[in-house]
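# heads up, no residue letters with this:
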């Protein structure tokens, strides 16, 4: 029997000789279909979507490369969920570290209800910092993606602060809540009596990006209020809305909430 | 959110003038809960005027009074008034733009036709907007193939070359259907354009002003004109008189796979058989069209039907020239609208050049303008908070003089950063300083900007980037 040696192409390496991280390759600019009839048109189409188009195939199967890429992206998404926002980053940003009632990542994933609550003992660390009710409380939660926070928070926050400062609104200490679900902002609102609470939180990572962050903003949130009272600005990530522009936009949304004394659907109706 | 707004387009060409009214629908196309993203989702022509001959007082003077009357009567028929329009464009093209009173008539008419109607002319812009409406269905296919539109009017032929739906190059030549005019009944030549007269002399043809002519006498001249048009896209033997017919510039070399479309008045004359009454329009339009149909342009290239022919330019002026700014922008409302702002383009990025170099470059460009209100078009901007603060420092330093005079500060960028950049500027400027920062606008030095009043609840503003006003 004659054996056929597999054709293995050398993996691309960077200038240091290390194998290039698969995920560093911009998929939207790569067409791996062999002998496409119209490569230019295919690439133009790929530019318009993050879907995995034009991967090519071997017989009826995916190519090894595209399967590896899918698994690498999936791994990055899982990492974003399972890693914590680093303590050095929290310190560097000057945030006040708090935690929801979840004790572990597993509890956070299996008990969303626990992630929505902050214990009074934790809130007592925050309330002394706001002896008078602030107009705006800015908070950060890890949510389902810690990488989203590390990638965007440092850009969004100064832009929000700058936008608000133009209307003489100052931001005090920013609490960071570990194992946070969106509704923890309601506890923060009730504890500080802030007019507007804006929570920056990591979104559930997907295969297109693991670094997407959202802002959930509410006027005088209360525990148990309907979700319709929240205004959300989503898709803040390097391939989506630039974080700094999103920050300026969030500041304008907050100012509008203060003026109209409403948020969510009610704010839309007030327009 | 859906908003409809009306625009007007008026085209004053060498031979004909027409007017259209378009309705643009503006919709927020952002996905779900993201930042607003307004776009023109639909364009509809709601009124087309008849095509009239451009009224002239003499060979060098446009009849402004008759043009005004035309606009008034068409507005009346369309049940609109000048206040119906947020924006519009009057385009003066071909030979008409070179008349002695062209500039004055154009600006007077733009005031008369509507508060925010901008006056614009220039062969580059005309080529693009005519091409966009003539080749519209080819250009808006999912995978647009390269296409060249020939807009052949009375005085000029405007070429626009599109690749992947975007204009790559334009060209303009002094070839048109009314460069020779004659009396319909007697076939006596009543007008020969100077450049055509030159060509007649060079070719030693027996065509004379004031003399009776015929199809067979004119045919060699028409063949020469068509040979030149073949040359424009690299077909046929090069003709010696090519350069003297270039209005502004010729076209870059184009691939042989390029498709062609034809618009302009002569596009309606592309006949296989010359009619008996070949001079029915009192000009050489039918002869030119007939000869073009037999030319290499049709034999060796794929010609596609155009969506618009004689009204391609006016439809483009009314519906294609306006773009919408990004939807998160920053402006001082009392500063708007703005008209005819010269653009100063900063092409250096702060990643590669020192702030001092960029400031020096801006100030050098500013010194060329007499007026102090200009639009600063920033080059590549790094969309980070720190990157924006660096630009703010550069802008404040280079615009120092006009800031002292409290002149409005107008900045445009391509990147989606206007709201953040505007906030950063405002935090450094005195309170209530007039600032307008718009994004998703690309403009170059030499362009002029018109900015209309805000639309869609103030989230975006309509903008016209004019490539040239009058040279």
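Ah, there it is. It should be emphasised that the depicted structure is a prediction, and the values quoted were computed from it without experimental measurement. Residues are numbered from 1 along each chain as shown, chains lettered A, B, ... in the order given.

# only C-alpha atoms from now on, for both contacts and neighbour counts.
Noted.

# which secondary element of chain B has the worst mean pLDDT?
Among the helices and strands of chain B, strand B:117-121 carries the lowest confidence by mean pLDDT, DSSP states H and E, at a mean of 69.

# now do the helix or strand just after that one: distance to the chain's middle.
Using DSSP states H and E, the helix or strand that follows strand B:117-121 in sequence is helix B:123-134. Its chain's average C-alpha position is 6 Å from that of helix B:123-134, according to C-alpha atoms, centre = their mean, to the nearest Å.

# now do helix B:123-134, average pLDDT.
Mean per-residue pLDDT for helix B:123-134: 84.

# which strands or helices does that helix pack on?
Secondary-structure packing of helix B:123-134 (3 or more C-alpha pairs under 8 Å, 6 or more residues apart in numbering or on different chains; DSSP states H and E): strand B:147-152, strand B:157-163, strand B:166-173, strand B:259-263, helix B:312-319.

# so residue B:444 touches residue B:343, yeah?
Yes: using C-alpha atoms under 8 Å, residue B:444 makes contact with residue B:343 at a distance of 6.5 Å.

# any chance you could map the helices in the stretch 151-271 of chain A?
For the stretch 151-271 of chain A, the helices defined by DSSP state H, counting those that start in this stretch occupy A:184-192, A:243-260, A:265-270.

# ok, which of the ones you listed comes nearest chain B?
Closest approach to chain B among the helices of the stretch 151-271 of chain A (C-alpha to the nearest C-alpha): helix A:243-260, 4.9 Å.

# rewinding a little: compare the mean pLDDT across the helices of the stretch 151-271 of chain A and name the weakest.
helix A:265-270 (a mean of 87).

# who's more crowded, residue B:444 and residue B:343?
Comparing residue B:444 with residue B:343 by other C-alpha atoms under 10 Å in any protein chain shown, the one with more neighbours is residue B:343, at 26 against 19.

# how far away is the more buried one from residue B:441?
To residue B:441, residue B:343 is 12 Å away according to C-alpha to C-alpha, to the nearest Å.

# what of residue A:204?
Look at residue A:204 and residue B:441: by C-alpha to C-alpha, they are 33 Å apart.

# same thing with residue B:77?
Going from residue B:77 to residue B:441 by C-alpha to C-alpha gives 35 Å.

# same check, this time on residue A:58
44 Å.

# which residue packs closest to residue B:439, ignoring adjacent ones?
With sequence-adjacent residues excluded and distances taken as C-alpha to C-alpha, 6 or more residues apart in numbering or on different chains, residue B:439 is closest to residue B:413, at 4.6 Å.

# quick check: buried residues in the helix ranked longest in chain B?
Assignment by DSSP state H gives helix B:215-232 as the longest helix of chain B. By 16 or more other C-alpha atoms under 10 Å in any protein chain shown, the buried positions in helix B:215-232 come out as B:218, B:221-232.

# in chain B, where is pLDDT below threshold?
By pLDDT under 70, the weakly predicted segments of chain B are B:1, B:31-32, B:116, B:120-123, B:467-471.

# near chain A, which residues of it?
Taking C-alpha under 8 Å from any C-alpha of the partner chain as the test, the list of chain B residues beside chain A reads B:33-35, B:142-143, B:328, B:383-385, B:416-420, B:423-424, B:426-427.

# surely residue A:81 touches residue A:205?
Yes: checked against C-alpha under 8 Å, the pair residue A:81 and residue A:205 is within contact range at 7.5 Å.

# joint contacts of those two?
Residues within reach of residue A:81 and of residue A:205 at once, by C-alpha atoms under 8 Å, 6 or more residues apart in numbering or on different chains, are A:144, A:145.

# thinking again about what came up before, neighbour count winner among residue B:77 and residue B:441?
Shown here are residue B:77 and residue B:441; by other C-alpha under 10 Å, residue B:441 has more neighbours (19 against 11).

# Three-state assignment for the more buried one, please.
Three-state assignment for residue B:441 (DSSP: H, G, I helix; E, B strand; the rest coil): coil.

# how many neighbours does the closest residue to it other than its chain neighbours have?
Leaving aside its chain neighbours, residue B:441 sits nearest to residue B:414 (5.1 Å; criterion: C-alpha to C-alpha, 6+ apart). Residues lying near residue B:414 (other C-alpha under 10 Å) number 19.

# would you confirm that residue B:414 contacts residue B:444?
No: in terms of C-alpha under 8 Å, residue B:414 does not count as a neighbour of residue B:444; the distance is 11.3 Å.

# my read: residue A:210 touches residue A:150, true?
No: using C-alpha under 8 Å, residue A:210 makes no contact with residue A:150, being 11.3 Å away.

# tell me which of the two has more neighbours.
The neighbour count for residue A:210 versus residue A:150, taken as other C-alpha under 10 Å, is higher for residue A:210 (27 against 19).

# model confidence for that one, exactly?
85.

# that one: what's it in contact with?
A:76, A:77, A:80, A:145, A:147, A:148, A:204 are the contacts of residue A:210 under C-alpha under 8 Å, 6+ apart.

# wait, does the strand or helix carrying the fifth one make contact with chain B?
What that stands for is residue A:147. In this assignment (DSSP H and E), residue A:147 forms part of helix A:146-165. Yes: applying C-alpha under 8 Å from any C-alpha, one finds helix A:146-165 touching chain B at A:155, A:158, A:159, A:162, A:163.

# quick one: neighbours of residue 255, just the number.
Looking at chain A here, since you left the chain open. Residue A:255 has 18 neighbours, counted by other C-alpha under 10 Å.

# chain B is the one I meant
A count of nearby residues for residue B:255, using other C-alpha under 10 Å, gives 11.

# so it sits in a helix?
No: applying three-state DSSP, one finds residue B:255 to be coil, outside a helix.

# and the gap between it and residue B:21?
Distance from residue B:255 to residue B:21, by C-alpha to C-alpha: 36 Å.

# the helices in the stretch 1-150 of chain B, which residues?
Going by DSSP H, counting those that start in this stretch, the stretch 1-150 of chain B shows helices at B:64-77, B:102-113, B:123-134, B:136-139.

# deepest of those helices, which one?
helix B:123-134 (a mean of 27; mean count of other C-alpha atoms under 10 Å in any protein chain shown).

# and the angle for it with strand B:259-263?
On the basis of axes from the mean of the first three to the mean of the last three C-alpha atoms, to 10 degrees, helix B:123-134 is oriented at 100 degrees to strand B:259-263.

# ok, and what's touching helix B:123-134?
By C-alpha under 8 Å, 6+ apart, helix B:123-134 touches B:91, B:93-94, B:139, B:148-151, B:158-160, B:167, B:170-172, B:247-248, B:261-263, B:306-309, B:312-317, B:320-321, B:466-468.

# of these, grab the buried ones for ChimeraX.
Buried subset of those, written as a ChimeraX selection, criterion 16+ other C-alpha under 10 Å:
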select /B:91,93,94,139,148,149,150,151,158,159,160,167,170,171,172,247,261,262,263,306,307,308,309,312,313,314,315,316,317,320,321,466,467,468
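
# show me which residues of the stretch 151-271 of chain A sit near chain B.
A:155, A:158-159, A:162-163, A:166, A:232-235, A:241-249.

# mind running it again at 10 Å?
Proximity of the stretch 151-271 of chain A to chain B, by C-alpha under 10 Å from any C-alpha of the partner chain, involves residues A:152, A:154-160, A:162-166, A:214, A:231-236, A:238, A:240-252, A:271.
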